[in-house]
Structures are given as structure tokens and as C-alpha cells.
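A.B. asks: sequence first, predicted model second:
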Amino acid sequence: MAPVFEDLAVGQEVGRREVAVDRSRLVRYAGASGDFNPIHWNERFATEVGLPGVIAHGMWTMGAAVGVVADWVGDPGAVVDYQTRFARPVPVPDPGAAAVEVVAVVGALDADTRTARIDLTVTAAGARVLAKCQALVRLS
């Protein structure tokens, strides 16, 4: 059921998810996005350019985060704006996976436009990987 504007309150948590990303997911994302930068699949190259190892695509991380909001609202088209800054990379181990944790909270409500600003806290290994991550959602 879609959220109702009148039932929301600033500070209310509306979603929480942990998303795993492993090397095979990075390869599939590279194929889908066309971003074949070797920092996302080649350990040697990634460390040679000063990274801690292979890192997740920033746009993958951004998409994984907003997915929490789209699922909560029930209609991805209701997300009318989405902005963030990349704070730090998400290293992806081999073998294994990195866990990206997303918590979505109502940051502001606008009764005139029936919109809710959803503030997202996005972390990996206890550190914020996206900063000032906010989605604007229009509710009926």
C-alpha cells in the first residue's frame, strides 16, 4: 500500500536495507551501464591508482540507495528528484561481498506540494559512502 502524506512525520524511518555487492555484480553492472573502468574489476589497476582495491560503481551505489525509497513509495515515478554527493568508495573484496546499508528517514514535509524529502544514510563498513543523499517524493 502506498504511503499516505498525512500519516508521515519528520524523523520517521520509512525504509532500511542492506545490499550486498560482490565482484560478479560489478561485472554485470559494467555490462548494463557501459562503465568498464578497470577500477571496478581489476585489483592491480585499482591499487596502482591509489584505491584500496576494486570499488563499486558510484552510480550502482546511488541506485541501490534510491531503490529503498522507490520500494517504500511503491512507484519509482513518484521520486521526482534525487541528489547525493559521493563521500568515499565502497571497496569490494574478493572473495566475498561488501555490504551497503541504507536507512531512509523523512527529512521534511511540504503540505502545499504533498512532497516528502527522504534523507538517506548510506554506509559501508561503518563509514558514510554517500553524503547529503536526499530523494524528493510526491505523494497523492
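C.D. replies: Thanks, I have the structure now.
A.B. asks: which residues sit against stretch 106-121?
C.D. replies: 3, 5, 8-12, 14, 65-66, 68-69, 72, 80, 84, 101-105, 128, 130, 133-140 (Cβ atoms under 8 Å, 6 or more residues apart in numbering). For every residue, glycine as well, the C-beta is placed using N, CA and C.
A.B. asks: list phi and psi for G96.
C.D. replies: When read as degrees, to the nearest 10, the backbone of G96 gives phi 110, psi -160.
A.B. asks: my bad, should have said W41
C.D. replies: Dihedral angles (degrees, to the nearest 10) for W41: phi -150, psi -10.
A.B. asks: and the contacts of stretch 106-121, which of them are in strands?
C.D. replies: Using DSSP state E, the members of these that fall in strands are 14, 80, 84, 101-105, 128, 130, 133-138.
A.B. asks: what's the longest helix in this protein?
C.D. replies: Using DSSP state H to define each element, the chain has its longest helix at helix 58-73.
A.B. asks: give me the pLDDT for Q12.
C.D. replies: On pLDDT, Q12 comes in at 98.
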